[in-house]
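Undergrad: All I have is the shape, not the residue letters:
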C-alpha cells in the first residue's frame, strides 16, 4: 500500500502499486485483476512519471500500475533509404513506459526529433498519449496524438489490439488519445519522427508591454515560426497588465550554427542543478516573491533580439534543470490552472487575466499560447484558441478564483485541461467536453464493468 | 473524491436532520453544491431539509435510518455507498435526555446509551469498513465537551459521549494507514433544537459556527476540534481539577 499524488502534491491516494517491467507482465496483471473484478472492487489505473497535476494516475483503494519499468525502445526506422523511393517518414516503436527525455537523447544522434515535446521531458509515451500533450508548436504541428501512427492497446478483456488513427477501430484510437488511460493500457506505440540537422533552435525574443501588445504580436508572427510561446506577468495590474516575454523559434539548420557548435551539431548536454529538497515550507510563493520573480523574469529578457541560437534546455525545458521543483511550493502543494478559449473570445480572455492579476493569488510560471487545429481525440484538450496556464499555491479563496475562471471559460465555450485539473466540477467538465457521451459509449463497449478507472474518473464522473 | 481544494463530492449525514449536520451541508453547499445523502427517520423535517438543500443546488437522496434499529444499519450503510464513494460521513445523531431521569430510570439510561453510544459504535464499524475499502474519506463524529470530564449535572449523557469520543478517536488511529481520517468534534453548549428550552451556558455556540469550524478542520485533516475553540483550554483546566473541587462546581 502506498501514498501517491500528482505533480501538484495535493489529494493523496492510498493504493496498491505494481510495477511490471515487461509487456507480458502487464498483460498478466490486467488479466488477473479482470478475473477478480466485481461491483465492489476498485479497478486499476496506469501511471507513468506522475507529471499530471491532479489525480488521473492514481486509484484510491485499487491498483495502480507503475509502467515506468516497461521502457524498451523496440525499433527505430530512420528512413535513411528514403532518397531512393521518395519520402518516407522516420518512426520509432517504443513501449509505453519510455520517457521522452531518454527517447530524445537516443534519437538525437541519428538526427531524429520527437515532433511534440511538452513543458517537461519527464513524461512517458503512454502518458503523452493519454493526456494528448501539446508543446510550443501546437499551432503548426498539433498535439502528440497527431503523430502516433499506431498503438497496441490492452483492454479490459485482456486482449491486445493494434489501433491506427484511420483503421477499423479508429474510434477506440481517438478515445485513447486524450482518454486519460480510461480505455485500457497503451503497451506499445509507433510515433512519427522528424529529421533535424542540429540540436539547436533559432529564437526571436521580444518583450511586450502589456497583454494587448502580446496578443497582437502573436497573431501577427506565430504562423511564421514553428514554435511560439509567451511567459506573462500574472502579478502586475493596470497599464502593464499581462506584460510578457514572447519567444518564437525554429529548428536551426547546420549553416545557422557558429563553427564552435557546428562541429558537433547534434550534441545534447542537459545541465542539472540537482534535486530540490523537500525542505520548503508553504508560502514560499507569495506577493513579494512573485513580484520579485516576475520583475526579474521580465527584465532579464532582451527587449528585442532576433535569431539567437539556443539549446534544447534553454528553449524548451528550463524547469527540467531542477528536479522535483514542485517541492518549492511546500507540503501544501499547488494547483495548475490551464484553459483554452476559442478565437473571438479575446475580451473574455483579457478578463481572465484581470481576474488572475487582481485576485491576490500569485502565480509565477504563466504561459500563454495560441493553439492551432485540434485532432479527433474525443477528450483531447487543444482546440483552436488562446490557452493560458498559471500555477497557484494552495491557499484560502483559491476555489472562488478558479470557480470564477471556470464560469468565464464556460461562457465562451472553452475548456480546462484534464492533465492539469484537480478541482473542476463534474457537470462543468461534461459541458466543456461535448464529445463525452461518444467517449463513454466507446468505453462502455471495451470496458463494460469499469475495470480501468482512476480518482479523476470518479471525481469527474467520467 | 475530495478535490485539491478540499471540496467533497459526496456528503453522508447520519442523523441528517440534526441542526449541526444540516449546517455542515449548507456550509459545503455554499462553496460548491454536492451530493448529500440524508440518512434519518422519515419525518416531515427530513423532507423539508432535503428540499432546502436541493434548492441550493445539491443532489439529495433520502435514506431511512433509525439509531435503534441496529439490525437495519448494515443495509442502510450499504445503500449510502451504492452510488459511489462517500467523501465525508457525519455521525450526527444523538439525544440529550432528561439528566435526572437518565440516572434514576433504567430505561431512560438504556435509551441514552443505545442512541449515543451503541448505535454510533455500530455505525462507525460499518462506515470504517466501507471507507477502508475505498481508501479515502473522512468520518466526522459529533461528540461533546460533556464527555471529556463527566459532570454531576448530566453524567449519563456525558458518559455516552465519553464512550463514543474514545471510540472515534481510536478509530482514527486505526484508519490512518488506510488513508481515512476521523475528526472528533467537541462542541460546548449549542443553541439548537436539541437544547431548546434550556438556559444557554457560558461559551455557547451555534450550529453554524460548529459547522464552519468542522468544515475547516476536515480540510486541514485535524483529528479533534472544540467549538468554540477556547473550550479546549477550559476543558484542560477542568480535567485537571481535583475531584473534591470539581464535584462542587455549580454545573
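TA: Noted; the coordinates are in hand. Quick caveat, the model's predicted, so the values are computed rather than measured. Numbering: from 1, shown residues only, chains lettered A, B, ... in the order given.

Undergrad: any idea how far residue A:409 lies from residue A:372?
TA: Separation of residue A:409 from residue A:372 (CB to CB, to the nearest Å) stands at 19 Å. In this view, the C-beta of every residue, glycine as well, is placed from N, C-alpha and C.

Undergrad: If you count surrounding residues, which of these two has more?
TA: Neighbours of residue A:409 and residue A:372, each counted by other CB atoms under 10 Å in any protein chain shown, are more numerous for residue A:409; the result is 25 against 18.

Undergrad: thought the more buried one was touching residue A:352?
TA: Yes. In terms of CB atoms under 8 Å, residue A:409 counts as a neighbour of residue A:352; the distance is 7.5 Å.

Undergrad: Please identify every residue contacting each of the two.
TA: Common contact partners of residue A:409 and residue A:352 (CB atoms under 8 Å, 6 or more residues apart in numbering or on different chains): A:339, A:341.

Undergrad: dump the residue contacts of whatever residue of the stretch 251-400 of chain A ends up closest to chain B.
TA: Among the residues of the stretch 251-400 of chain A, residue A:399 lies closest to chain B, at 4.6 Å counting by CB to the nearest CB. Contacts of residue A:399 were listed using CB under 8 Å, 6+ apart, and they are A:423, B:5, B:7, B:31, B:32.

Undergrad: Restrict those residues to the buried ones and give me that as a ChimeraX selection.
TA: Only the buried members of the contacts of residue A:399 enter the following ChimeraX selection, criterion being 16 or more other CB atoms under 10 Å in any protein chain shown:
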select /A:423 /B:5,7,32
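
Undergrad: Narrow the contacts of residue A:399 to those in helices?
TA: residue B:31 (DSSP state H).

Undergrad: Count the residues that sit near residue A:362.
TA: 23.

Undergrad: how far away is the residue lying closest to residue A:133 once chain neighbours are set aside from chain B?
TA: The spatially closest residue to residue A:133, leaving aside those adjacent along the chain, is residue A:118, at 4.1 Å (CB to CB, 6 or more residues apart in numbering or on different chains). Noted for residue A:118: a distance of 20 Å to chain B, by CB to the nearest CB, to the nearest Å.

Undergrad: if I pick residue A:118, what's in contact with it?
TA: A:100, A:128, A:133, A:134, A:135, A:144 are the contacts of residue A:118 under CB under 8 Å, 6+ apart.

Undergrad: and which of those residues is nearest to chain B?
TA: Distance to chain B across the contacts of residue A:118 (CB to the nearest CB) is lowest for residue A:133, with 20.4 Å.

Undergrad: Can you name the residues that contact that closest one?
TA: Residue A:133 makes contact with A:116, A:118, A:123, A:127, A:143, A:144, A:419 under the criterion CB under 8 Å, 6+ apart.

Undergrad: Any of the residues you listed buried? List them.
TA: Among those, those scoring as buried are A:116, A:118, A:123, A:127, A:143, A:144, A:419 (criterion: 16+ other CB under 10 Å).

Undergrad: which phi and psi does the residue of the stretch 151-251 of chain B found nearest chain A have?
TA: With CB to the nearest CB, the shortest gap between the stretch 151-251 of chain B and chain A falls at residue B:179, namely 3.1 Å. Backbone geometry at residue B:179, expressed as degrees, to the nearest 10, gives phi 80, psi 10.

Undergrad: for the one 4 residues further on, same thing?
TA: Backbone torsions of residue B:183, given as degrees, to the nearest 10, read phi -120, psi 120.

Undergrad: interface residues of the stretch 1-150 of chain B facing chain A?
TA: Counting by CB under 8 Å from any CB of the partner chain, the positions of the stretch 1-150 of chain B adjacent to chain A are B:1-5, B:7, B:9, B:31-32, B:84-85, B:133-136.

Undergrad: Return the helix or strand in chain A with minimum mean pLDDT.
TA: Every helix and strand of chain A was ranked by mean pLDDT, DSSP states H and E. The lowest is strand A:322-323, at a mean of 74.

Undergrad: who touches it?
TA: Counting by CB under 8 Å, 6+ apart, strand A:322-323 makes contact with A:272, A:273, A:274, A:275, A:276, all of which sit outside it.

Undergrad: Report the buried members of the residues of the stretch 1-150 of chain B next to chain A.
TA: Buried residues within these, defined by neighbour count using 16+ other CB under 10 Å: B:1-5, B:7, B:9, B:32, B:85, B:133-136.

Undergrad: for the most centrally placed residue in chain B, what are its contacts?
TA: Among the residues of chain B, the smallest C-alpha distance to the mean C-alpha position (CA atoms, centre = their mean) belongs to residue B:142, namely 2.4 Å. Contacts here follow CB under 8 Å, 6+ apart; on that basis residue B:142 touches B:18, B:20, B:21, B:90, B:91, B:92, B:94, B:185, B:187.

Undergrad: can you check residue B:16 too?
TA: By CB under 8 Å, 6+ apart, the residues touching residue B:16 are B:22, B:36, B:37, B:38, B:39, B:40, B:46, B:49, B:62, B:65, B:92.

Undergrad: try residue A:425
TA: A:406, B:32.

Undergrad: tell me the pLDDT at it?
TA: Per-residue confidence at residue A:425 stands at 95 (pLDDT).

Undergrad: go on, residue A:83?
TA: According to the predicted model, the pLDDT of residue A:83 comes to 58.

Undergrad: phi, psi of residue A:228?
TA: Note on residue A:228: its backbone torsions stand at phi -150, psi 130 [degrees, to the nearest 10].

Undergrad: Tell me, how many residues neighbour it?
TA: Here the neighbour count serves as a burial measure; for residue A:228 (other CB under 10 Å) it reads 24.

Undergrad: can you check residue A:403 too?
TA: Residue A:403 has 18 neighbouring residues, counting by other CB under 10 Å.

Undergrad: gap between it and residue A:431?
TA: Distance from residue A:403 to residue A:431, counting by CB to CB: 14 Å.

Undergrad: Give me the neighbour count for residue 114.
TA: Let's take chain A. Neighbours of residue A:114 using other CB under 10 Å come to 21.

Undergrad: Wait, chain B was what I had in mind.
TA: Number of residues near residue B:114 (other CB under 10 Å) recorded here: 17.
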